[in-house]
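Chemist: Here is the input, now give the coordinates:
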Amino acid sequence: MQFKQINKKNQAEIENLSIKDEQEGFLESVKQCLLDASKNPEWVCAGIYEQDTPIGFAMYGMISLTTPKNQVWIDRFMIDKNFQGKGYGKKAFQELIHIVKEAYHKDKIYLSVYENNKAAIHMYKSLGFRFNGELDFNGEKVMELSM
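Modeler: Residues are numbered from 1 along each chain as shown. The predicted model follows:
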């Protein structure tokens, strides 16, 4: 599994990734995520690949404009609907945690999740994330991973 920078060569194939209908509302489209990231240079976007096949998308970064804490966030993560349920999500998220640790050297990683996104919550908890009692600006529950 590899995380690749998104560029003109692979942008269209990454933008074509999608989630299941019942997951709508949990995450913006990849196209919208890339647009959001283009307005904020703190965000890093990556395509997730299994060999040469795009299977997912991730967006992460250190937030300094919206919070004084300089927190590192995994803000967006998705596995394409055609690759869900095959173990790719957990494997990719474990690799993403490693990438974020190496890039930022912080003692915590944050993410937020809607309360009804049970599958994501289960995976995040299995990887060591815990709710910290906070809500983000969208009303999502904040989870953190202590290193």
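Chemist: Same question for V100, what's its three-state structure.
Modeler: In three-state terms, and counting by DSSP: H, G, I helix; E, B strand; the rest coil, V100 is helix.
Chemist: Begin at 13, not 1, for the rest of this chat.
Modeler: With the count now opening at 13, the last piece we talked about shows up as V112.
Chemist: could you measure it against I60, distance?
Modeler: Distance from V112 to I60, counting by Cβ to Cβ, to the nearest Å: 14 Å. C-beta coordinates here come from the backbone N, C-alpha and C atoms, glycine included.
Chemist: which parts of the helix or strand of the chain with the lowest mean pLDDT are buried?
Modeler: None of the helices or strands of the chain scores lower by mean pLDDT, DSSP states H and E than helix 42-50, at a mean of 86. Neighbour-count burial for helix 42-50 flags 42, 45-46, 49 (criterion: 16 or more other Cβ atoms under 10 Å).
Chemist: Following the chain onward from that helix, which element is next?
Modeler: Once the chain leaves helix 42-50, the next helix or strand it forms, by DSSP states H and E, is strand 55-62.
Chemist: helices or strands up against that next one?
Modeler: Using 3 or more Cβ pairs under 8 Å, 6 or more residues apart in numbering; DSSP states H and E as the contact test, the elements touching strand 55-62 are strand 14-17, helix 42-50, strand 65-75, helix 100-116.
Chemist: For the closest residue to I18 other than its chain neighbours, the count of nearby residues, please.
Modeler: Distance criterion Cβ to Cβ, 6 or more residues apart in numbering; nearest residue to I18, sequence neighbours excluded, is C57 at 5.0 Å. Counted with other Cβ atoms under 10 Å, residues neighbouring C57 total 22.
Chemist: I'd like to know how far C57 sits from G73.
Modeler: Computed as Cβ to Cβ, the C57 to G73 distance reads 9 Å.
Chemist: give the contact list for I67.
Modeler: Contact analysis of I67 by Cβ atoms under 8 Å, 6 or more residues apart in numbering lists 29, 60-61, 91-92, 95, 100, 104.
Chemist: returning to what we had before: put together JSON lines for the buried residues of helix 42-50, with distance to E146 on each row.
Modeler: Supplementary listing: these in JSON lines, determined by distance: Cβ to Cβ, whole Å:
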{"residue": "V42", "distance to E146": "27"}
{"residue": "C45", "distance to E146": "22"}
{"residue": "L46", "distance to E146": "27"}
{"residue": "A49", "distance to E146": "23"}
